[in-house]
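Visitor: prediction below, plus the sequence it came from.
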Amino acid sequence: MTLDVPALLAALTIEEKAALLDGADFWHTQPVERLGIPGVMVTDGPHGLRKQTGESDHVGLNDSVPATCFPPAAGLASTWNPELLGRIGEALGRECRAEQVAVLLGPGVNMKRSPLCGRNFEYFSEDPLLAGDLAAALVNGLQSTGVGASLKHFAANNQETDRMTVSADVDERTLREIYLPAFERVVTQAQPWTVMCSYNKINGTYASEDPWLLTQVLRDEWGFEGLVVSDWGAVNRRDAGVAAGLDLEMPSSGGAGTRVILDAVRAGTLSEADVDRAVTRVLTLIEKSRPALREGQTFDAEAHHALAREAAAASAVLLKNTDGILPLDPRGGGTIAVIGEFARSPRFQGAGSSQVNPTRVETALDALRAALDGHREVAFAPGFVIDSDAADDDLVAEAVRTAAGADVAVLFLGLPPSYESEGYDRDHMDLPAHQIDLLHAVADANPRVVVVLSNGSVVTVAPWQDRAQAVLEGWLLGQAGGSATADLLLGAADPAGRLAETVPLRFEDNPAVGAFPGELGHVRYGEGLLIGYRWYDAHRLEVAYPFGHGLSYTSFAYSDLSVTVLADGAEPSVEVGLTVTNTGERAGRETVQLYVTDPQATVYRPEQELRAFTQVSLAPGESAQVTLTLPTRAFAFWHTAMKRWVVEGGAFGIRVGSSSRDIRLTGAVELTGQDTGAPLTAEATVDAWLGHAVAGPWLHEQLGDGLFTALLSDPVNGQMMRAIPLVRLSRFPGFPVTEPDVEAAVQRFTAQ
Ligand code: BGC
């Protein structure tokens, strides 16, 4: 039986309609039994299913059904692999179907504005294109199974401090170019069934009641067709929310929201048409999800675990590998000392609403032992207690003894779970000091040290990394992270992960210092467009590891760059071609990154911006031709006066490389773009008037060869004079053009 949405809308009473816009409990929409409308389940998300069957809460305290725990977004983003994310989306969908879940609450595509955001592990990147493309692939995969996504947290939810009340004060160009595009890409490429509005305010207006955000941008400009749901408890004024485009309040407000809606409709301050629109969206969502909600569906837990392992191996980023210490030879001689509690008690996901109850968990220690199968001895020493802030002298001594006699020491360091979570931000970006002390002690005993990191957001490595020959950034790798780590350490898998966020040298170098997490209810995005690598590039700052960086066990050469204009004019597109060759001895997968520069712009533009990427898997010695297409947006900026995207004519730089700071090929392209010249006004500068094709000659003629012509071309004072608005100069004594002349000229020349 299908739901006839228009007929149901006609049959529902206003009380039933208002009730439908509120949740039934923590995780279900309201049923209307009288009309056969079922309630459906929406639940977390995003990197695995968190379906609570008993007591409910939204912070992951109560148990949920076992589900595959894939790497959280911080890991998945480092794969730079949309195809893989699509397959993970499909697997998530199958698990949702098995549990009759209509909508999975994710993915979250907020930007990593500060490394301190407690929820960075759940977000993809400091770059909106990378975050958007990966999330779109995940949503497409998920929704191909008939299960909906909830794209969150819309928008500018870039911190946890005061997340439910803070106003993110962001200028429009920065919103358009940095904080909204990841959402835009997912909406336009994947049409998620739902979008979840964020808790915070944007420039003083709660996201949950912002018509500009929820209707003008999301629907009118981007073409969103689904339903907007509140983040859990994000509603401020329910009636204003309905009018603005917030359709469903979650979790249940216990009837409070329903009463506010009814009162407002009765008082005439909220139109029934607005209510009907929201109800239509709720009914449409229920109807859309019904085909997938059949009983008796199952999923293959083993196959999903294998996928989680593949994803984990693709998520880790090999930051350094001096003298090729990695991979370790599985058949080599000598003991491998595995040190660090994380090897035995892995940290594989973050805390809060996304916490999944995994179907199983592998440890790196067990996985290494299993893979080595007695061919090499593995000696283990925990070295520290994860949740302790102090060193344990006995554990340190044991670790040093273990390392001293070994061929190599693999040291598992990372952040304790309490360091990063939903709900609060980090205080600093360092590893616990006692873990670094342990590294020094181990490296003193055995300089052949490999560090494996477990952290959901970036940590400082500069203070200690010279004590390690190799550093493998493991992020949080999900339930199969242990075996994936063993695969990478032993060379069964090639490290293909690339950084989706910059690793700065020092916390103090990061762009949001001084403007995070704000004060007195406001956080001012003072760095504007300069998030992540855009900032480090603009300030010529050395970084520990740049955006896009990641080593492989093989090497790649780039050659034969070609740049072809496919279309010119106001909506250009450009094709970039090149050849990538595997010049090493092992098979590997390279991520080709394309950055565009706009050196001739009339507005400030970041030095370079990621505009396309792709991956290519190559056997040793193999070459492949790679083609990347740059659409109009790759060249455009948000013109605040014209209130739209604009491509300005001129030369653009094309940079292709293996990271944002390892550019291998450069080229250029000349595009016609469109006229962005401001219309001539009385307030335009004399310079602008003189440069105008028609008004310029007229003004020259008026000035003749009098005093002002001399002044305006004076080598010292001319520039200052020409910067004066013409109308102001017209009021100066002796200026040969009067104010009425200027007004008349504006009429004449702008009419042409
Ligand atoms: C989180 C959302 C989550 C929701 C439901 C909120 O606190 O911000 O990401 O989906 O709870 O658990």
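Guide: Here it is on my side, so go on. All values derive from a computational prediction rather than experimental measurement. Numbers count the residues shown, from 1 in each chain.

Visitor: for the stretch 1-150 of the chain, which spans come out with low pLDDT?
Guide: Applying pLDDT under 70 to the stretch 1-150 of the chain flags the ranges 1, 57-61.

Visitor: make sure residue 305 is indeed in a helix.
Guide: Yes. If the criterion is DSSP: H, G, I helix; E, B strand; the rest coil, then residue 305 is within a helix.

Visitor: enumerate every residue touching the closest residue to it other than its chain neighbours.
Guide: Taking Cβ to Cβ, 6 or more residues apart in numbering as the measure, residue 305 lies nearest to residue 480, with 5.7 Å between them; neighbours along the chain are not counted. C-betas here are computed from N, CA, C, even on glycine. Contacts for residue 480 (Cβ atoms under 8 Å, 6 or more residues apart in numbering) come out as 305-306, 308-309, 311-312, 362.

Visitor: recalculate using a threshold of 6 Å.
Guide: When contacts are counted by Cβ atoms under 6 Å, 6 or more residues apart in numbering, residue 480 is found next to 305, 308-309, 312, 362.

Visitor: of all the residues you listed, which comes closest to the ligand?
Guide: residue 308 (20.8 Å; Cβ to the nearest ligand atom).

Visitor: that closest one: neighbour count?
Guide: One way to gauge burial is a neighbour count; for residue 308, by other Cβ atoms under 10 Å, it gives 30.

Visitor: not counting its neighbours along the chain, what's nearest it?
Guide: The shortest distance from residue 308 to any residue other than its chain neighbours is 4.1 Å, reached at residue 480 (Cβ to Cβ, 6+ apart).

Visitor: also residue 546?
Guide: The shortest distance from residue 546 to any residue that is not its chain neighbour, by Cβ to Cβ, 6+ apart, is 3.9 Å, and that residue is residue 661.

Visitor: give me the secondary structure label for residue 563.
Guide: The local conformation at residue 563, judged by three-state DSSP, is strand.

Visitor: setting aside sequence neighbours, what's the nearest residue to it?
Guide: Distance criterion Cβ to Cβ, 6+ apart; nearest residue to residue 563, sequence neighbours excluded, is residue 667 at 4.5 Å.

Visitor: surely residue 576 is within a strand?
Guide: Yes. In this structure, residue 576 lies within a strand as judged by three-state DSSP.

Visitor: quick check: bridge partners of it?
Guide: For residue 576, the beta-bridge partners under DSSP bridges are residue 563, residue 628.

Visitor: so the residue nearest to residue 169 when sequence neighbours are not counted versus residue 118, what's the distance?
Guide: Of all residues beyond its chain neighbours, the one nearest residue 169 is residue 524 (4.8 Å), with distances taken as Cβ to Cβ, 6+ apart. In this structure, residue 524 and residue 118 are separated by 20 Å, where distance is defined by Cβ to Cβ, to the nearest Å.

Visitor: repeat that for residue 585.
Guide: Per Cβ to Cβ, residue 585 is found 42 Å from residue 118.

Visitor: quick check: bridge partners of residue 504?
Guide: Beta-bridge pairing of residue 504, defined through DSSP bridges, involves residue 543.

Visitor: you'd agree it is up against residue 543?
Guide: Yes. The pair residue 504 and residue 543 passes the contact test of Cβ atoms under 6 Å, sitting 5.3 Å apart.

Visitor: ok, residue 585 and residue 118, which is more surrounded?
Guide: Counted by other Cβ under 10 Å, residue 585 and residue 118 do not tie: residue 118 has more neighbours, with 24 against 11.

Visitor: list the contacts for the more buried one?
Guide: Residues touching residue 118, when contacts are defined by Cβ under 6 Å, 6+ apart, comprise 160, 420-421, 424-425.

Visitor: which one among those gets closest to the ligand?
Guide: When those are compared for distance to the ligand, the smallest value, 9.2 Å, is given by residue 160; criterion: Cβ to the nearest ligand atom.

Visitor: ok, the nearest residue to the closest one once chain neighbours are set aside to residue 354 distance?
Guide: Setting aside the residues directly before and after it, residue 160 is nearest to residue 118 in space (Cβ to Cβ, 6+ apart), at 4.2 Å. Using Cβ to Cβ, one gets 12 Å for the distance from residue 118 to residue 354.

Visitor: just give the closest residue to residue 550, not the sequence neighbours.
Guide: Residue nearest to residue 550 in three dimensions, not counting chain neighbours: residue 498, with 3.8 Å by Cβ to Cβ, 6+ apart.
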